[in-house]
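Asks: How does the following fold in three dimensions:
(2 chains, ligands or ions: 2)
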Amino acid sequence: MFLLNNLILSAAPNWDRYINIAESSFLPLLKGALVYSIPMAIISFIIGITIAVLTALFRISGIKILSGIARVYISIIRGTPLLVQLFIIFFGLPRVGINLDPLTAGIIGFSLNTGAYASEIIRAAILSIPKGQWESSYSIGMSYVQSLRRIILPQATRVSIPPLSNSFISLVKDTSLASTITVAEMFRKSQEIVANTYEPLLLYSEAALIYWIICFILSLGQDQIENRLNRYVKT
Amino acid sequence: MLSIQQLHKSFGDLEVLNGIDLKVEQGKVVVVVGPSGSGKTTLLRCLNILETPTKGSVSIEGQTLDFDQKVSKKDIRTLRRKTGMVFQTYNLFPHKTALENVIEGPITVQKVDKSEAKEKGIHLLEKVGLGDKVDYYPFQLSGGQQQRVGIARALAMDPEVMLFDEPTSALDPELVGEVLRVMKELAQEGMTMVVVTHEMGFAKDVADEVIFMDNGSIVERGKPGHIFSNPKNERTRKFLNLINE
Ligand SMILES: Nc1ncnc2c1ncn2[C@@H]1O[C@H](COP(=O)(O)OP(=O)(O)O)[C@@H](O)[C@H]1O
Ligand SMILES: [Mg+2]
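Replies: Ligands and ions are numbered 1, 2, ... in the order given. Prediction:
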C-alpha cells in the first residue's frame, strides 16, 4: 500500500517544478532565437536573395556558360540534404584548410540553399511578366538593364512575394539544423537545458512554441507586404 | 522623313515581308490595311526594330540602318528613339500611374529632371484628355483611356514618327472615337504617322496615302479616295468588300 502510494505520487505531475523550469528556460531560449536564429535567418535570406536574382538572370540570359553554371549550382543544392551541406562546410572544409566559425558556416550554408530555391521562384516570376512589357519598355528607348530594373523586376517582385515568404519561414525553422554544427541558436539551447533537467517534452515544446510565434508574426508581415504590392491590381 | 528599302523579314522558313519599299514624308500619314497575317504588325515592328529585319534598310531622319550588314545595339536604340509605338493591347506599365507611365521614358532614358518631366507629362495627359486621371493606375482606366495614356507615353519621347498598330481594335465600339480623335489631332499638328487600322473613316479623313498589304507585299497604294472607291487589285477589292459588310 505504501509502495503503491509512492508510485502514484512520483508519476503525478509536479507542476511547480515544470513552471519553474519553463520560466527559467524561457529567457535563454528567447536569447538563442534573438541572437542567433533570427539574425542568421535574416542575413542568410538577404545574401540568398542576392544570389538568387543573379542565378535567375544567368539562367534566362541565353548565354550558355552562364545558364550552365546556374543549372549545376541549383541541381547540386536541390539534390543534396541541407544537413549534409552544413556538415561539409563546417566539418569537411577544415580538411582543405578552410576553417569557419560555426555561425559563418551556417550563414554560408543557408545562403547557398536559399539562393538555389529562390532563384527558381524569381526566374518563374520574371518569365510570367508578359512579353509586351519588355516591348513597350524597349519602344520608349530603354535598354535591357533599364527595362529589367524599372519595369520587369518590380512586377516580378509582386508575383514572387508569397512563395518567397514561404521560403523565409522555412529558413527560420531550418536554422535549427545549425545546432548540429554547434551554433548556440535556440534549439541547441533547448537541448542543453534538457541535458540538465531531463524534461525533453517541456523544453522541446517550449522551443516549438517560440518558433511558431515567430512564424506567425512573419506571416502577418507577409500579408502587409502583399497588400502594399497589390495596390495596382484589381482585387 | 522615314524610308525603307527592300525590307525582308522571315521567321525561320516563313517569309513574312518580301521586299517592302516605303517612303513617308515629314508630316504625312500613311495608313496600312490588309488581311490578318499579311505582315502589317511585323512591318511596324521592323520600323522600330522590335523585330530585326532579315535584309534591307530602314532610315529615319538621316540615320540609316542597313540590315545586309551587322547592326549594333547602340544604333538600334538611337533609331528606336526616333519612333513612338502605340500597341494594340496598350501595354501600359501596370505598376505605374498614368503620369508615371508617361514620364518613365524621359526620366530613365533622356535623364530629364523629374519635376520638368512631370510638368511635360501632365501637359501631354491633358492633351489626350486625361488631365483628371494623372494619378490613376491602368486598372482604374477604361480601354480607351489606357490607349490614350499609351499615346501620351510615346509622345513624351518626342518621336519623329509615331507608329500605331491597330490602336482601336481591342476597344469596345463606343471607346474607339475618343482614341481616333486624339490621333486625328496629332495628324493635324503635323506628326508623321504610320497607322495600321481598319477604321476606314479615319483613313479617308486623315491618310495622305493608303497601302494595301497582302502576303508580305504591298499590292496597291494610293490616295485614300482612290483606293477605296476604285481599287485596281482584285485582292484589295475583296478585302474592302469584307470590311464594308
Ligand atoms: N515571332 C513570330 N514568329 C513566327 N511567326 C511570326 C511571328 N510574328 C509573326 N509571325 C507570322 O508572320 C505573319 C504575319 O504576322 P503579322 O505581322 O502579325 O500580320 P498582321 O499584323 O498583318 O496580322 C503571320 O503568319 C504570323 O503568324
Ligand atoms: Mg497585326
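
Asks: How much space separates residue A:129 from residue B:45?
Replies: Distance, residue A:129 to residue B:45, using C-beta to C-beta, to the nearest Å: 19 Å. Heads up, the C-betas are built off the backbone N, CA and C, glycines and all.

Asks: now swap in residue B:35 and tell me
Replies: 18 Å.

Asks: Can you pick out the residue with more neighbours from those two?
Replies: More neighbours surround residue B:45 than the other of residue B:35 and residue B:45, with 20 against 17 (other C-beta atoms under 10 Å in any protein chain shown).

Asks: lowest-confidence helix or strand of chain A?
Replies: Sorting the helices and strands of chain A by mean pLDDT, DSSP states H and E puts helix A:2-11 at the bottom, at a mean of 56.

Asks: next SSE after that one?
Replies: Following helix A:2-11 in sequence order, the next helix or strand is helix A:15-32 (DSSP states H and E).

Asks: Residue B:53 contacts residue B:9, doesn't it?
Replies: Yes: under the criterion of C-beta atoms under 8 Å, residue B:53 makes contact with residue B:9 at 5.2 Å.

Asks: residues shared between the contacts of those two?
Replies: Common contacts of residue B:53 and residue B:9 (C-beta atoms under 8 Å, 6 or more residues apart in numbering or on different chains): B:17, B:46.

Asks: State the number of residues packed around residue B:12.
Replies: Neighbours around residue B:12, by other C-beta under 10 Å: 5.

Asks: Just the C-alphas of stretch A:63-72, formatted as PDB.
Replies: Output of stretch A:63-72 as PDB, limited to C-alpha atoms (Å, rounded to 0.1, in the frame of the first residue of the first chain):
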ATOM      1  CA  ILE A  63      24.400  32.700 -72.600                       C
ATOM      2  CA  LYS A  64      25.200  29.000 -72.500                       C
ATOM      3  CA  ILE A  65      28.100  29.200 -70.000                       C
ATOM      4  CA  LEU A  66      26.200  31.400 -67.500                       C
ATOM      5  CA  SER A  67      23.000  29.300 -67.700                       C
ATOM      6  CA  GLY A  68      25.000  26.200 -67.400                       C
ATOM      7  CA  ILE A  69      26.700  27.400 -64.200                       C
ATOM      8  CA  ALA A  70      23.300  28.300 -62.700                       C
ATOM      9  CA  ARG A  71      21.800  24.900 -63.600                       C
ATOM     10  CA  VAL A  72      24.700  23.000 -62.000                       C
END
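
Asks: Point to the residue nearest the middle of the chain.
Replies: Just so you know, I chose chain A. Closest residue to the average C-alpha location of chain A: residue A:171 at 1.4 Å, with C-alpha atoms, centre = their mean.

Asks: I was after chain B.
Replies: Centroid check for chain B by C-alpha atoms, centre = their mean gives residue B:163 as the closest residue, at 1.7 Å.

Asks: Tell me the secondary structure of it, please.
Replies: strand (DSSP: H, G, I helix; E, B strand; the rest coil).

Asks: Tell me who's in contact with it.
Replies: Residue B:163 makes contact with B:44, B:47, B:48, B:83, B:84, B:85, B:86, B:193, B:194, B:195, according to C-beta under 8 Å, 6+ apart.

Asks: any chance of the residues you listed in a markdown table, with pLDDT, secondary structure and distance to chain A too?
Replies: Listed next are the contacts of residue B:163 as a markdown table, based on pLDDT from 0 to 100; DSSP: H, G, I helix; E, B strand; the rest coil; distance: C-beta to the nearest C-beta, whole Å:
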| residue | pLDDT | secondary structure | distance to chain A |
| --- | --- | --- | --- |
| B:44 | 97 | helix | 10 |
| B:47 | 96 | helix | 11 |
| B:48 | 93 | coil | 6 |
| B:83 | 97 | strand | 8 |
| B:84 | 97 | strand | 7 |
| B:85 | 97 | strand | 4 |
| B:86 | 98 | strand | 9 |
| B:193 | 98 | strand | 15 |
| B:194 | 98 | strand | 14 |
| B:195 | 98 | strand | 16 |
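
Asks: Does anything pack onto the longest helix along chain A? Which helices or strands?
Replies: If you go by DSSP state H, chain A has its longest helix at helix A:200-229. In terms of contacts (3 or more C-beta pairs under 8 Å, 6 or more residues apart in numbering or on different chains; DSSP states H and E), helix A:200-229 is packed against helix A:15-32, helix A:153-174, helix A:186-197.

Asks: What mean pLDDT does the first one get?
Replies: When the per-residue pLDDT values of helix A:15-32 are averaged, the result is 91.

Asks: Buried residues, that helix. List them.
Replies: A:21, A:25, A:29, A:32 (16 or more other C-beta atoms under 10 Å in any protein chain shown).

Asks: so who does the nearest residue to the second one once chain neighbours are set aside touch?
Replies: Right, residue A:25. The shortest distance from residue A:25 to any residue other than its chain neighbours is 4.9 Å, reached at residue A:193 (C-beta to C-beta, 6 or more residues apart in numbering or on different chains). By C-beta under 8 Å, 6+ apart, the residues touching residue A:193 are A:21, A:25, A:28, A:29, A:199, A:203.

Asks: 7 Å instead?
Replies: A:25, A:28, A:203 (C-beta atoms under 7 Å, 6 or more residues apart in numbering or on different chains).

Asks: List just the nearest of these to residue A:148.
Replies: Distance ranking of these against residue A:148, using C-beta to C-beta, places residue A:28 first at 46.4 Å.

Asks: ok, and the closest non-adjacent residue to the closest one?
Replies: residue A:189 (5.2 Å).

Asks: tell me the pLDDT at that neighbour?
Replies: 95.

Asks: Same check on the one 4 residues further on?
Replies: At residue A:193, the pLDDT value in this model is 95.

Asks: related to what we said a few turns ago, output the contacts of residue A:193 in JSON lines, with distance to ligand 1 appended to each entry.
Replies: What follows is the contacts of residue A:193, written out as JSON lines (distance: C-beta to the nearest ligand atom, whole Å):
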{"residue": "A:25", "distance to ligand 1": "65"}
{"residue": "A:28", "distance to ligand 1": "63"}
{"residue": "A:203", "distance to ligand 1": "63"}
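
Asks: for stretch B:186-196, how far is the first residue from the last?
Replies: 16 Å (C-alpha to C-alpha, to the nearest Å).

Asks: May I see the buried residues of that stretch?
Replies: Those would be B:186, B:187, B:191, B:192, B:193, B:194, B:195, B:196, for stretch B:186-196 by 16+ other C-beta under 10 Å.

Asks: is ligand 1 contacted by that stretch?
Replies: No: judged by C-beta under 6 Å from any ligand atom, stretch B:186-196 and ligand 1 are separated, with a smallest distance of 6.7 Å.

Asks: Contacts for that stretch next, please.
Replies: For stretch B:186-196, using C-beta under 7 Å, 6+ apart, the contacting residues are B:2, B:24, B:26-32, B:40-41, B:44, B:47, B:160-166, B:206.

Asks: Show me just the buried residues among those residues.
Replies: Applying 16+ other C-beta under 10 Å to the contacts of stretch B:186-196 flags B:2, B:24, B:28-32, B:40-41, B:44, B:47, B:160-166, B:206 as buried.

Asks: Please consider this matter closed, and thank you.
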